[in-house]
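> Would you be able to build a 3D model of this:
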Amino acid sequence: MKPPYLQEDLFMKGYNVESGYMGYVDGQYILFACEEDYREYAQA
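Numbering: from 1, shown residues only. Presented below is the predicted three-dimensional model:
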């Protein structure tokens, strides 16, 4: 089994856009202010 930090990275994906960061959450993309905000949301 992979360490938890590697498993977490598998579920997090997104990309930068002009108005922020599009992060993939529960089957859809959500706009966040930045990638750090997305990571905090996904880890909560």
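
> Would you mind listing the residues in contact with Glu40?
If you count contacts by Cβ atoms under 8 Å, 6 or more residues apart in numbering, Glu40 has none. Any C-beta I mention is one placed from the backbone N, CA and C, and that applies to glycine too.

> any idea which element it lies in?
Here Glu40 sits within helix 35-43, counting by DSSP states H and E.

> Quick one: mean pLDDT over that helix.
Averaging pLDDT along helix 35-43 gives 91.

> hmm, who's touching the helix or strand containing Asn16?
Using DSSP H and E, Asn16 falls within strand 14-17. Applying Cβ under 8 Å, 6+ apart, the contact partners of strand 14-17 are 21-24, 29, 31-32, 35, 38.

> Go again with 10 Å.
20-25, 29-32, 34-35, 38-39, 42 (Cβ atoms under 10 Å, 6 or more residues apart in numbering).

> Could you check how far that strand is from the centre of its chain?
Its chain's C-alpha centre and that of strand 14-17 lie 9 Å apart, by Cα atoms, centre = their mean, to the nearest Å.

> Relative to that strand, what are the paired strands and their orientations?
strand 20-25 (antiparallel) (DSSP bridges).

> circling back: may I have the helix holding Glu40 exported as CSV, CA atoms only?
Only the C-alpha atoms of helix 35-43 are listed here, as CSV (Å, rounded to 0.1, in the frame of the first residue of the first chain):
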residue,chain,number,x,y,z
GLU,A,35,-4.1,26.3,-5.8
GLU,A,36,-3.3,26.6,-2.1
ASP,A,37,-7.0,27.3,-1.4
TYR,A,38,-7.9,24.2,-3.4
ARG,A,39,-5.5,22.0,-1.4
GLU,A,40,-6.9,23.3,1.9
TYR,A,41,-10.4,22.6,0.8
ALA,A,42,-9.6,19.1,-0.4
GLN,A,43,-7.8,18.2,2.8
